[in-house]
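Asks: no sequence for this one, just the structure:
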């Protein structure tokens with residue numbers, strides 16, 4: 001599951017959330033290489049003819065587009081959310097793609113975990129309410145993982161009160 005509670009430290013309990021990656025970096029390279037090999041296999045029959053030079057740019061463009069699309073997916077998925085729970089203080093930091101960072105703090109005694117079954121951008125949309133504004137948490141998780149996260153957050157917030 002792409003979230004874990006770290007052992008309590010001096011700041012309090014910490015939760016790390018991250019998007020699931022079905023294709024690791026090493027698999028990324030192997031996938032692109034295998035795709036290039038499979039696309040290039042039919043070109044063996046035209047080696048030495050001018051047709052090869054006519055098809056080669058399209059092969060290169062297809063491989064470059066595949067590489068760019070997967071790399072863009074990795075960059076956009078570089079999201080880490082860190083929730084710190086301590087008596088009298090709850091802090092959520094979201095480290096997004098391209099170095100963007102968003103912070104949210106509230107008093108845990110006033111924070112409520114709200115789940116929107118429908119109507120949100122994703123099913124079982126989770127938000128934390130009780131600070132200066134409402135903030136989403138775990139949007140990139142699956143609906144089942146958000147339900148587990150909601151249960152765990154409610155338990156830990158109840159223990160802090």
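Replies: That came in fine, so what should we check first? Only a predicted model underlies this, so the values are computations on that prediction, with no experimental measurement involved.
Asks: worst-scoring helix or strand of this structure, pLDDT-wise?
Replies: Confidence across the helices and strands of the chain bottoms out at strand 3-9, with a mean of 88, counting by mean pLDDT, DSSP states H and E.
Asks: so which bits of that one are buried?
Replies: By 16 or more other C-beta atoms under 10 Å, the buried positions in strand 3-9 come out as residue 3. Yep, even glycine has a C-beta here, placed from its N, CA and C like the rest.
Asks: that one - contacts with which helices or strands?
Replies: In terms of contacts (3 or more C-beta pairs under 8 Å, 6 or more residues apart in numbering; DSSP states H and E), strand 3-9 is packed against strand 12-17, helix 143-160.
Asks: out of the ones you listed, deepest packed?
Replies: With neighbours taken as mean count of other C-beta atoms under 10 Å, the helices and strands packed on strand 3-9 reach their highest mean count in strand 12-17, at a mean of 18.
Asks: thought residue 76 was touching residue 98, still the case?
Replies: No. Assessed by C-beta atoms under 8 Å, residue 98 is found out of contact with residue 76, at 9.1 Å.
Asks: who has more neighbours, the two?
Replies: residue 76 (12 against 7; other C-beta atoms under 10 Å).
Asks: list the contacts of the residue nearest to that one when sequence neighbours are not counted.
Replies: In space, and not counting its chain neighbours, residue 76 is closest to residue 97: 5.3 Å by C-beta to C-beta, 6 or more residues apart in numbering. Contacts for residue 97 (C-beta atoms under 8 Å, 6 or more residues apart in numbering) come out as 75-79.
Asks: now with 10 Å?
Replies: 72, 74-79 (C-beta atoms under 10 Å, 6 or more residues apart in numbering).
Asks: now flag whichever of the residues you listed is closest to residue 29.
Replies: Nearest to residue 29 among the contacts of residue 97: residue 74, at 11.9 Å, using C-beta to C-beta.
Asks: the closest one - how many residues pack around it?
Replies: For residue 74, the neighbour count with other C-beta under 10 Å is 14.
Asks: any idea how far it is from residue 35?
Replies: Residue 74 is 16 Å from residue 35, where distance means C-beta to C-beta, to the nearest Å.
Asks: one more: residue 137?
Replies: Residue 137 sits 36 Å away from residue 35 when distances are taken as C-beta to C-beta.
Asks: neighbour count winner among those two?
Replies: Per other C-beta under 10 Å, whichever of residue 137 and residue 35 has more neighbours is residue 137, with 22 against 14.
Asks: show me what contacts residue 120?
Replies: 114, 126-127, 136, 139.
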